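Peer 1: my questions are about this predicted structure, shown below with the sequence.
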Amino acid sequence: MKTLAELQAIRDKAREKMTIREDNSEATRVIVGMATCGIAAGARPVLNAFVDEVSKRKLGNVVVTQTGCIGMCQFEPIVEVLEPGKEKVTYAKMTPEKVARIVVDHLVNGNPVMEYTIGSLLK
Amino acid sequence: MRELSLNILDIAQNSISAGATLIEITVDENTQADRLTVCIADNGRGMTPEQVRTVTDPFYTTRTTRRVGMGIPLLCMAAEQSGGSLDIKSRFGQGTTVTATFVHSHIDRPPLGDIKATVTALIRMNPQLDFCFIHTFDGRSFTFDTRQLRVILGDLPPDTPEVAEWIGGYLDEQEKILSGVLIPDEND
């Protein structure tokens, strides 16, 4: 069972690590569309998959965040990846299954997964 | 929307846009009365009486990017097609309460779905806001409140990976206990 005592232990452990948490201004941002269109198309499991995968791999320089409707509802769930100093990459029709590969190839190794991008879907 | 927990996530996004700092989500299931009530209450900026009147119209929205707003109309439709109704109470500058009632056993009532995923997604995306979630099933209930969590966590944000994981596991267990799948350990 999950107990509050367990949570206290987590807190004490996490506090020690707090100081080495990186500054967010240099972070890569993963932005998930969470308006009605995104949610209806399946954004919630995509968002939770990104958060799980990023925390599992302890990617301290990645921030997962949300946005509203960006006006391309037919391509939802849409995920944008913003790396500092690089061009924005937009992934469309996302699924939780696609998340693991994007995290490994793009966020860890810096190679966008071109076949999942909105550009390749439009071809 | 395939499940009510997605509608809840969607309506809670409205509360966030309205600048709420506390969002209370209650799910009350009463099989004796054959009722399921979902309530999302916030302390955001609220709406004018005029806005409350027009908000169930899909062609009304405050957004400027496009001219449709589907969130409330979708929830309203889900409630009405399963023998229930939607009620919105709002006071400008004070907050909004959206309540949807459903006939629990109605064939067209969407399933509640993965409410745990909705609550965890909200907390993970908005660690600076407070959420209170109460789920009641035939008189038995559990409450999860980030304000209580903060008493233990202090300045540690609830979206810290280890904390978020604990929250997910905790909600999962509480939901299972509520539905009778899991028997609580007496020693805890």
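Peer 2: Sure, I can see it.

Peer 1: please count neighbours and contacts with C-alpha atoms only from this point.
Peer 2: OK.

Peer 1: measure how buried residue 93 is and give me the count.
Peer 2: Using chain A. 20 (other C-alpha atoms under 10 Å in any protein chain shown).

Peer 1: look at chain B instead
Peer 2: The burial count for B:G93: 13, using other C-alpha under 10 Å.

Peer 1: same check, this time on the one 3 residues further on
Peer 2: B:T96 is flanked by 25 other residues according to other C-alpha under 10 Å.

Peer 1: surely it and B:P49 touch.
Peer 2: No - contact criterion C-alpha atoms under 8 Å: B:T96 and B:P49 do not qualify, at 11.3 Å.

Peer 1: mutual contacts of the two, please.
Peer 2: B:S90 (C-alpha atoms under 8 Å, 6 or more residues apart in numbering or on different chains).

Peer 1: can you tell me the helix or strand for residue 51?
Peer 2: Since you didn't name a chain, this refers to chain A. Using DSSP states H and E, A:V51 falls within helix A:43-56.

Peer 1: wait, I meant chain B there
Peer 2: helix B:49-54.

Peer 1: how about B:I123?
Peer 2: Judged by DSSP H and E, B:I123 forms part of helix B:115-125.

Peer 1: contact partners of that helix?
Peer 2: By C-alpha under 8 Å, 6+ apart, the list of residues contacting helix B:115-125 reads A:44-45, A:47-48, A:64-66, B:5-6, B:8-9, B:129-131, B:133, B:158-159, B:164, B:167-168, B:171-172, B:175.

Peer 1: a strand runs through B:V98, doesn't it?
Peer 2: Yes - assignment of B:V98 by DSSP: H, G, I helix; E, B strand; the rest coil places it within a strand.

Peer 1: so it touches B:G46, yeah?
Peer 2: No - counting by C-alpha under 8 Å, B:V98 stays clear of B:G46, with 11.2 Å between them.

Peer 1: on that earlier part again, got the buried residues for the helix holding B:Q51?
Peer 2: In terms of neighbour count (16 or more other C-alpha atoms under 10 Å in any protein chain shown), helix B:49-54 has its buried residues at B:V52.
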